[in-house]
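A.B. asks: Predicted model, plus sequence, below.
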Amino acid sequence: MARTVTAIPATRALHTGAPLGQTTLRRVAGYARVSTNHDDQVTSYEAQVDYYTRYISDHAGWQFVKVYTDEGITGTSTKHRAGFQQMVTDALDGKIDLIITKSVSRFARNTVDSLTTVRTLKDKGVEVFFEKEGIWTFDAKGELLITIMSSLAQEEARSISENVTWGHRKRFADGKVTVPYSRFLGYDKGEDGNLVVNPEQAKLVRRIYGMYLEGHSIRHIAHTLTDEPATYTAAGNKTWHYQSVRSILTNEKYKGDALLQKSYTADFLTKKQVINEGEVPQYYVTGNHEAIISPAVWDFVQAEIAKGARDQRTQHRTRPFSSTLICGQCGHFFGSKTWHAGSKYEKVIWRCGHKYSGQEKCATGHIDDQRLKDLFLDAIQLRFDKPADDSTSQALLEVLDTSDLEVQAAGLVAQIDEVAKKIQALIAHNARVAQDQHAYEQKFNAVHQQHQALLARHAEVYAQIQSKQNRLAAYRYYRQETTDLEINNLTFSPYLCVTLLDHATVSQHGTVTFIFRDGSQQDIAKD
């Protein structure tokens with residue numbers, strides 16, 4: 001019997017699965033996007049919406065669904081494009097059969113996003129038509145053409161991003177300062193484009209610094225401002241958070257300077273911003289605009305914030321002796337305790353935090369809070385009732401000099417660069433020349449360990465420089481504030497403690513030694 005082959009004709013469409021010969025309306029949606037909110041782009045956006053509405057509605061056999069839109073959104077990623085995401089969701093839910101868009105670059109400038117979306121829609125029987133390129137995704141050549149066009153669009157996006165980045169960095173190098181004025185408390189944009197003090201907002205900025213200098217913690221300041229009926233953040237929010245207050249206390253623009261390029265764009269596709277930790281150059285502009293906070297006050301606040309971070313303790317700054325009073329016997333900090341809370345006998349005392357911990361009890365006694373404050377006032381009067389000993393201040397300045405450390409840091413940077421070059425040379429040589437990988441790995445690990453050790457040493461030296469600079473800032477502010485100190489009518493305030501006192505020790509025999517910020521000290525018997 002002769003072998004025969006009988007063809008069985010297809011009865012359904014390849015991608016959609018619809019019966020062949022069946023006349024059905026094709027549900028069609030349009031997609032329009034512009035990347036900025038400029039006037040000319042808004043006109044383009046409106047024109048695209050109007051065009052696709054008419055184009056789809058007037059086409060025979062098509063049923064208009066909707067024109068999905070994204071306005072003022074970049075095309076390098078589909079992640080934050082709500083209109084695009086909704087369109088894909090509706091298509092996958094069976095509400096759309098065909099999507100029409102202007103071009104591949106309007107759809108996505110990310111090759112991966114573009115291909116992934118097209119394939120996902122294709123699997124669900126949804127076709128995409130790119131009008132400018134004339135590409136239908138159900139066409140056999142469609143995916144190849146989309147890959148090519150998407151790659152070109154992605155390369156164009158990369159080029160644009162590099163040009164924009166170059167422009168930003170050129171402005172930074174020229175010392176041109178820009179800030180998000182609508183979200184920046186204390187300043188408005190002046191006619192020349194520079195920062196101009198906003199008088200009403202500046203009052204709030206000064207008050208925040210004043211509260212911190214009075215001994216309030218950052219978290220307490222945030223709670224206080226939140227509880228007030230008419231105090232808003234720069235963004236108009238009623239709730240103040242720890243980080244929003246801390247950013248005000250640490251922003252150098254409030255002292256009239258500006259550090260440029262604190263962050264940079266790590267990936268032009270995701271637009272992810274990362275903190276600049278030395279990967280790209282930074283520029284510091286001194287005296288760029290009118291200061292709201294004097295440089296001396298600002299520097300002192302930074303020293304106090306750094307002190308809390310250095311001690312790795314939660315500073316209850318409303319208790320001014322917290323993280324300041326040290327036990328002379330065991331070296332632990334004193335902490336405040338409340339006795340008989342809620343009764344008429346309530347009182348606050350200070351006691352060594354190691355008093356009842358460990359096998360051996362600390363013998364240093366406690367001290368009443370009010371008595372400690374009185375002793376501190378006595379120490380101030382004794383210290384400033386006599387001429388200052390310049391030798392003490394001179395000795396402190398010599399201790400805080402960072403010249404040798406800065407030379408050491410510069411030398412370490414040079415060594416780090418040299419070792420980094422050796423690492424790169426090893427990697428490049430291994431990529432070009434066949435060699436014993438075990439020997440290569442040993443050599444690489446040795447150089448890598450040397451590199452890590454140099455980095456760690458540089459970090460230590462830099463930390464010492466920062467610590468000394470913070471102490472120097474605190475000393476300078478101390479000298480400024482003690483110039484006109486009225487010791488005859490002195491009353492205790494947390495501000496006095498924050499400003500004048502470096503730390504104090506309590507001996508086992510009942511003597512409190514107050515060490516001031518110039519290195520001088522005063523012994524006072526607590527009983």
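C.D. replies: Ah, there it is. Numbering: from 1, shown residues only.

A.B. asks: Now do the same contact list for Gln415.
C.D. replies: Leu454 (C-beta atoms under 8 Å, 6 or more residues apart in numbering). To be clear about C-beta, it is placed using only N, CA and C from the backbone, and glycine gets the same treatment.

A.B. asks: Can you mark which positions in whichever strand or helix holds it are buried?
C.D. replies: Per DSSP states H and E, Gln415 falls inside helix 403-432. By 16 or more other C-beta atoms under 10 Å, the buried positions in helix 403-432 come out as 405, 408-409, 412, 416, 419.

A.B. asks: Which residue ranges of the stretch 1-150 of the chain form strands?
C.D. replies: For the stretch 1-150 of the chain, applying DSSP state E, counting those that start in this stretch gives strands covering 26-34, 62-71, 98-101, 127-130, 135-136.

A.B. asks: actually the stretch 301-450 of the chain, sorry about that
C.D. replies: Going by DSSP E, counting those that start in this stretch, the stretch 301-450 of the chain shows strands at 325-327, 334-339, 347-352, 367-368.

A.B. asks: Now do the second one: distance to the chain's middle.
C.D. replies: In this case it means strand 334-339. Distance of strand 334-339 from its chain centroid, counting by C-alpha atoms, centre = their mean, to the nearest Å, is 36 Å.

A.B. asks: Likewise for the shortest one?
C.D. replies: Once both centres are worked out by C-alpha atoms, centre = their mean, strand 367-368 turns out to sit 42 Å from its chain's centre.

A.B. asks: longest helix of this protein?
C.D. replies: Looking across the chain with DSSP state H, the single longest helix is helix 437-482.

A.B. asks: That helix vs helix 403-432, what angle?
C.D. replies: Computed by axes from the mean of the first three to the mean of the last three C-alpha atoms, to 10 degrees, the angle separating helix 437-482 from helix 403-432 equals 160 degrees.

A.B. asks: Is Leu400 in contact with Gln466, as I believe?
C.D. replies: No: Leu400 is beyond contact range of Gln466, at 11.7 Å (criterion: C-beta atoms under 8 Å).

A.B. asks: Domain-wise, how is this protein divided?
C.D. replies: Domain assignment for the chain by automatic domain parsing gives 26-160, 181-307, 325-525.

A.B. asks: Let's have those in a markdown table, adding mean pLDDT and distance to Ile8.
C.D. replies: Output for the domains of the chain, formatted as a markdown table (pLDDT from 0 to 100; distance: least, C-beta to C-beta, whole Å):
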| stretch | mean pLDDT | distance to Ile8 |
| --- | --- | --- |
| domain 26-160 | 77 | 22 |
| domain 181-307 | 83 | 47 |
| domain 325-525 | 88 | 57 |
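
A.B. asks: Any idea which residue is closest to the centre of this protein?
C.D. replies: Closest residue to the average C-alpha location of the chain: Ile275 at 6.1 Å, with C-alpha atoms, centre = their mean.

A.B. asks: Other residues contacting the helix or strand hosting Thr226?
C.D. replies: If you go by DSSP H and E, Thr226 is part of helix 218-227. For helix 218-227, contacts defined as C-beta under 8 Å, 6+ apart pick out 208, 211-212, 216, 231, 238-242, 244-246, 249, 317-318.

A.B. asks: In PyMOL, select just the buried ones from these.
C.D. replies: Here is the PyMOL selection string for the buried members of the contacts of helix 218-227, based on 16+ other C-beta under 10 Å:
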select buried, resi 208+211+212+216+240+244+245+246+249+317
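
A.B. asks: out of the contacts of helix 218-227, what pair is the most spread apart?
C.D. replies: Pairwise distances across the contacts of helix 218-227 peak at 24.1 Å for Lys238 and Arg317 (criterion: C-beta to C-beta).
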